[in-house]
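**Student:** requesting a structural model of the entry that follows:
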Amino acid sequence: MGTVFSFDLREVHDADRPRVLAALDGAVVGLHRVDELFSTYRQDSQISRLGREELTLSQCEPEVRDVLELCEEFTYRSDGWFTPHYAGGRPDPTGLVKGWAVERAARMLASAGAGSVCVNGGGDVQVHGGPWRVGIADPMRRGELLAVVEAHGELAVATSGPAERGCHILDPHTGRPPADGLASVTVVGTSLTEADAWATAACAMGAERARPWLQRQPGAEAFVVTAEGTTWQTSGFARFSAELCVS
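**Tutor:** As a prediction, the model looks like this:
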């Protein structure tokens, strides 16, 4: 998926260790499989072949059908601001599939017996147990943090924006970047699949539409950095916020 994944497993009892290590191997294999199926940069991936009409959806693996069904659900729930398609209609579930893959891997490890799990896929994080502290990066200053989320239990933190990959999130209604684009949108919830999709949708909306829309989403809170470098957050974000230690 063109990024780095990391696993942090804690509170693993000796009796559970073989099962957890086997689950870790399975999670890594599963992430490679997701890349093989969904990468838009691989000509032989099923999502690329589907876009070229070399495969029908019924001929694709079940994971492809499941992810595209989720994409359609989030398209409906976001009034079309999240979209799993390139211009021209070719399928591109990039805005959701990484979060889905990380969430699936984290649940696999927690189910195997790890008491605390943190899986990080390119800055999108799913945790179980804890406590964990997840930093929200400053998109204007590499290596700096703007806020910290303190996570207990099941929690997801997803960030979208142009800082790492340039302007790659477009307004699906115009095919162009939003005129009032945001520097980054971080969404906190229980499901990284949902948080990833909502962060992408909010970036596509731009500043004016994103703020009231994010405020209305049940079970999700957001921390947003504007193009000018100012920040704002939804009304419930403070309950996840921890003190930012500055050296």
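**Student:** buried residues in stretch 234-244, which are they?
**Tutor:** T234, F237, F240, S241 (16 or more other Cβ atoms under 10 Å). Quick note: C-beta positions are derived from backbone N, CA and C, even for glycine.
**Student:** list the contacts of the last one.
**Tutor:** Which is S241. A147, V148, V149, E150, Q233 (Cβ atoms under 8 Å, 6 or more residues apart in numbering).
**Student:** now the buried members of the residues you listed.
**Tutor:** A147, V148, V149, Q233.
**Student:** the contacts of S241: which two are farthest apart?
**Tutor:** E150 and Q233 (14.5 Å; Cβ to Cβ).
**Student:** nearest to P62, of the buried residues of stretch 234-244?
**Tutor:** Out of the buried residues of stretch 234-244, the member with the shortest distance to P62 (by Cβ to Cβ) is F240, at 33.9 Å.
**Student:** residue boundaries of the strands in the chain?
**Tutor:** Counting by DSSP state E, the chain has strands at residues 5-10, 116-121, 124-128, 132-137, 145-151, 155-160, 182-189, 221-226, 231-233, 241-242.
**Student:** avg pLDDT for the third one?
**Tutor:** Strand 124-128 shows a mean pLDDT of 97 in the predicted model.
**Student:** and the strands of the chain as CSV, adding distance to R77?
**Tutor:** Shown next, in CSV, are these (distance: least, Cβ to Cβ, whole Å):
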stretch, distance to R77
strand 5-10, 27
strand 116-121, 22
strand 124-128, 19
strand 132-137, 24
strand 145-151, 23
strand 155-160, 16
strand 182-189, 13
strand 221-226, 16
strand 231-233, 22
strand 241-242, 26
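**Student:** who are the packing partners of the lengthiest helix in the chain?
**Tutor:** Longest helix in the chain, counting residues (DSSP state H): helix 17-38. Helix 17-38 sits against strand 5-10, helix 46-51, helix 62-77, helix 94-112, with contacts defined as 3 or more Cβ pairs under 8 Å, 6 or more residues apart in numbering; DSSP states H and E.
**Student:** my guess is V157 contacts G121. True?
**Tutor:** No. V157 is not in contact with G121 according to Cβ atoms under 8 Å; the separation is 11.2 Å.
**Student:** now for the two: what residues contact both?
**Tutor:** Common neighbours of V157 and G121, using Cβ under 8 Å, 6+ apart, do not exist here.
**Student:** tell me where the chain is predicted with low confidence.
**Tutor:** Low-confidence segments of the chain (pLDDT under 70): 86-88, 163-168, 245-247.
**Student:** rerun that using 80 as the cut-off
**Tutor:** Within the chain, the segments meeting pLDDT under 80 span 1-2, 85-89, 162-169, 243-247.
**Student:** quick revisit: any idea which of the helices and strands packed on helix 17-38 is most buried?
**Tutor:** Of all these, helix 94-112 carries the top mean neighbour count, a mean of 23, counting by mean count of other Cβ atoms under 10 Å.
**Student:** between that helix and strand 5-10, how big is the angle?
**Tutor:** Between helix 94-112 and strand 5-10, the angle comes out at 30 degrees (axes from the mean of the first three to the mean of the last three Cα atoms, to 10 degrees).
**Student:** which secondary structure elements does helix 94-112 contact?
**Tutor:** Counting by 3+ Cβ pairs under 8 Å, 6+ apart, helix 94-112 packs on strand 5-10, helix 17-38, helix 62-77, strand 116-121, strand 124-128, strand 155-160, helix 192-205.
**Student:** reformat these as TSV; add distance to A179.
**Tutor:** Formatted as TSV, the helices and strands packed on helix 94-112 follow (distance: least, Cβ to Cβ, whole Å):
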stretch	distance to A179
strand 5-10	34
helix 17-38	30
helix 62-77	22
strand 116-121	30
strand 124-128	26
strand 155-160	18
helix 192-205	11
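**Student:** deepest in the core, which of the ones you listed is it.
**Tutor:** helix 192-205 (a mean of 29).
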